[in-house]
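[1] Show me how the following folds:
(one chain, ligands or ions: 3)
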Amino acid sequence: MLKVVKFGGSSMADAGQYRKIRDIILDDPARQVVVVSAAGKRFSDDHKITDLLYLCHAHSQYGVDCNRVFDMIKSRYQEIRADLGITVEIDDELDALKRRLDKKAISQDELASRGEYFSAKLMAAYLGFKFVDSADWVFFKMDGTVDKEKSYAALKELAAGESVVIPGFYGKMPDGNIKTFTRGGSDITGALAAAALDADIYENWTDVSGILMADPRIVENPETIPEVTYDELRELSYSGAQVLHEGTIFPVREKSIPLNIRNTNAPADAGTMIKEGFDTPVNPDRFITGITGKKNFSIISISKRGLSNEVGTLRKILTVLERHNISVDYVPNGIDNVSVVLETDALTPNLYDVLQEIQAEVNPDTVDVHDQIAVVAAVGRHMAGRPGISGKLFAALGEAGINIRMINQGPDELNIIFGVSNDDFAQAIRVLYNSFAK
Ligand code: ADP
Ligand code: ASP
Ligand code: MG
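    Ligands and ions are numbered 1, 2, ... in the order given. Coordinates of the predicted model:
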């Protein structure tokens, strides 16, 4: 039995958290492969080490010294070490890092990766496990994707028969440079390690007792979802539930490794289990698994009489957006109109060009742009094949006086997406949660 366990930033924030982690590891001898994040926040207005590292890099690029910020980083790690009473040499490495930073001789990615690196050094010393550097086994290809075959083979060798601690978040490019994943990417490192070693389970330990049915910053005390399928999780994390990095699922799913989200601060809680499928639903009457969403989308609505009989219009619209490298999130359509929903930040810099090109290529009757749109997604595998669900959701939102600006359902009926105004975002999530999730 082998369990790969990943601990996120808040689980690594101070020595007290390291002690909790040790108890969790000691509690189960199968927990032999430990992946760690950089130290996160200890309290709400504290700083994440990763943020401080990015800040330092920005300072040095503008020729501003970052002594004060770097000292904060250094002392966080030195304090943890002192508090745990361990001896591990990190001071020289920290000083060498600072010298490279002062000379602008370090890339942003490499500097950002050092948060995880020092976390793992300390944790390895504390647990008495072997430190395995991710630069020695997470190998990227030139296109920035992970070379799984090569990476898995390397980790198998490095971790064979040993208990190890691995820093999350980064790996190595073919030219030898360090590259990080996008933010939150230590989740991916854990998933890769689990896949490489054919683990029986990938445990992702964080500061909540699993995936909650809604964002706890919006709904007070939302319930934990006990069981989620990989597909539902994809939908939930794509649409906004920021509990796991969206790239986490692919490596474990390929190997059918279940993923269990657990709470470092409440280790007795079962958390959320994520698998391909489940035999019997925990609560058969409940058709929504989770509710999530994001703000700040724009809708471009294009109408043209006879549009549904024309060939190629949608392709022309999408080609305009592709030309500007803008990705489209949803494409709801009517008979003589089609809308594209996309992130406002991606659209704004090219807005006028995009509108002009659509005008020229499609020759529509009207083109309107609406901003300040939030997208709310109700996700659930039990929605499929059950009639009347979108009507129920609609009615609940209508009763609460929330105007729906667009509605979209994926062909697999795993989600129903609503567009509402940014101002109605939190209220829409609360209404759906209170009406259908409890
Ligand atoms: P870690 O540092 O352990 O990787 P993250 O901060 O990345 O943790 O993710 C956990 C956080 O995700 C929680 O503290 C919570 O605030 C937030 N979150 C947002 N939506 C959800 C949700 N639906 N379920 C659980 N947590 C959520
Ligand atoms: N430390 C990185 C971040 O803050 C990666 C992670 O925590 O997963 O984004
Ligand atoms: Mg995270």
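
[2] Residue 137: what's it in contact with?
    If a contact means CB atoms under 8 Å, 6 or more residues apart in numbering, then residue 137 has 151, 154, 155, 158, 171, 196 as its contacts. The way it works is simple: take the backbone N, C-alpha and C, and place the C-beta from them, glycine included.

[3] now the last one, nearest residue through space, not along the chain?
    Nearest residue to residue 196 in three dimensions, chain neighbours excluded: residue 152, at 3.8 Å (CB to CB, 6 or more residues apart in numbering).

[4] name the element that neighbour belongs to?
    Element membership for residue 152, per DSSP states H and E: helix 148-159.

[5] after that helix, next one along is what?
    Where DSSP H and E defines the elements, the next helix or strand beyond helix 148-159 is strand 164-167.

[6] Could you check how far whatever residue of the stretch 51-200 of the chain ends up closest to ligand 2 is from ligand 3?
    Among residues of the stretch 51-200 of the chain, the one nearest ligand 2 by CB to the nearest ligand atom turns out to be residue 186. It sits 3.2 Å away. Between residue 186 and ligand 3 the computed distance is 7 Å (CB to the ion, to the nearest Å).

[7] Spell out which parts of the protein neighbour ligand 3.
    In this structure, the chain approaches ligand 3 at residues 8, 184, judged by CB under 5 Å from the ion.

[8] Show me which residues of the chain sit near ligand 2.
    Counting by CB under 6 Å from any ligand atom, the residues of the chain close to ligand 2 are 8-9, 37-38, 48, 50, 115, 168-169, 183-187.

[9] mind running it again at 8 Å?
    Counting by CB under 8 Å from any ligand atom, the residues of the chain lying close to ligand 2 are 8-9, 37-38, 40, 48-51, 112, 115-116, 168-169, 180-187, 245.

[10] which stretches of the stretch 301-438 of the chain form strands?
    Using DSSP state E, counting those that start in this stretch, the strands of the stretch 301-438 of the chain run over residues 337-343, 366-379, 406-409, 415-421.

[11] I'd like those strands laid out as TSV, including mean pLDDT and mean neighbour count.
    Listed next are the strands of the stretch 301-438 of the chain as TSV, based on pLDDT from 0 to 100; neighbours: other CB atoms under 10 Å:
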stretch	mean pLDDT	mean neighbour count
strand 337-343	94	21
strand 366-379	95	20
strand 406-409	87	16
strand 415-421	93	22
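
[12] Next, format those as TSV and append distance to residue 86.
    TSV is the format used below for the strands of the stretch 301-438 of the chain (distance: least, CB to CB, whole Å):
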stretch	distance to residue 86
strand 337-343	45
strand 366-379	43
strand 406-409	53
strand 415-421	47
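
[13] residues in contact with residue 298?
    When the contact criterion is CB under 8 Å, 6+ apart, the partners of residue 298 are 341, 342, 343, 344, 347, 369, 370, 371, 373.

[14] residues near the residue of the stretch 51-200 of the chain closest to ligand 2, how many?
    Residue 186 has 32 neighbours, counted by other CB atoms under 10 Å.

[15] do the same with residue 114
    Using other CB under 10 Å, the number of residues around residue 114 comes to 25.

[16] Would you check that it makes contact with residue 100?
    No. The pair formed by residue 114 and residue 100 falls short of the contact definition of CB atoms under 8 Å, at 10.4 Å.

[17] still on that earlier bit, got a list of what the residue nearest to residue 196 touches?
    Applying CB under 8 Å, 6+ apart, the residues contacting residue 152 are 192, 195, 196.

[18] what comes up buried for the one helix or strand residue 57 maps to?
    Residue 57 is located in helix 49-61, with elements delineated by DSSP H and E. In terms of neighbour count (16 or more other CB atoms under 10 Å), helix 49-61 has its buried residues at 49, 50, 51, 52, 53, 54, 55, 56, 57, 59, 60.

[19] For residue 29, see how far away the residue nearest to residue 246 when sequence neighbours are not counted is.
    Beyond its immediate neighbours in the sequence, the residue positioned closest to residue 246 (CB to CB, 6+ apart) is residue 237, lying 4.4 Å away. Look at residue 237 and residue 29: by CB to CB, to the nearest Å, they are 31 Å apart.

[20] How far away from the center of its chain is the helix or strand harbouring residue 98?
    Of the helices and strands defined by DSSP H and E, residue 98 is found in helix 91-102. Between the centre of helix 91-102 and the centre of its host chain there is 30 Å, according to CA atoms, centre = their mean, to the nearest Å.

[21] in that helix, what counts as buried?
    Counting neighbours by 16+ other CB under 10 Å, one finds that the buried residues in helix 91-102 are 94, 97, 98, 101.
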